[in-house]
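S.K.: Here is a sequence with its predicted model. Questions after.
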Amino acid sequence: MKYYKTTTKYNCGIDLHTRQMYICVMDLDGKILVHRNIRNNDFGFFLKLVEPYKDDLTVTCESCFVCFGLADACEDAGINFVLAHAYYVKSIAANKHKNDKEDARELAECLRKKGQAA
């Protein structure tokens, strides 16, 4: 997220895989509001979880071959979606604790920090 500047109150980082996604919704103060695993990439359940925040939410995930389904679901729901290029999300690669939960949190944090710098 080298170039994107978020303007939304809530940011959602998603560590997306073929059969599951781990999501982290964070406000601009860094408070984690939702932090959980979603099996079978259930986009309907994801939309239910983010419903309270969706009017002012940006969602991001790293580029992968399954991210387009998520991008389409967000677009259909009217949610901002930003694709994070793995090369520019260096904080994830440098993170000592490599797991889906931490990667999702770090993606949300990257959006939040870039938004504050604007």
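M.R.: Looks like it arrived, so ask away.
S.K.: just checking, Val54 is part of a strand?
M.R.: Actually, residue 54 is Lys rather than Val. No. According to DSSP: H, G, I helix; E, B strand; the rest coil, Lys54 belongs to no strand; its state is helix.
S.K.: how deep is it tucked in, by neighbour count?
M.R.: 19 (other C-beta atoms under 10 Å). (Glycine included, C-beta is placed from N, CA and C.)
S.K.: And Asp42, by the same measure?
M.R.: Neighbours of Asp42 using other C-beta under 10 Å come to 13.
S.K.: Could you measure from it over to Ile14?
M.R.: As defined by C-beta to C-beta, to the nearest Å, Asp42 lies at a distance of 13 Å from Ile14.
S.K.: can you map out the helices along the protein?
M.R.: 43-50, 67-77, 90-94, 100-117 (DSSP state H).
S.K.: Export those as a markdown table, with columns for mean neighbour count.
M.R.: Converted to a markdown table, the helices of the chain look like this (neighbours: other C-beta atoms under 10 Å):
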| stretch | mean neighbour count |
| --- | --- |
| helix 43-50 | 15 |
| helix 67-77 | 15 |
| helix 90-94 | 13 |
| helix 100-117 | 20 |
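S.K.: Which among those is found nearest to Cys24?
M.R.: Checking those against Cys24 by C-beta to C-beta gives helix 100-117 as the closest, at 4.0 Å.
S.K.: Figure out how far that closest one is from the centre of its chain.
M.R.: 8 Å (C-alpha atoms, centre = their mean, to the nearest Å).
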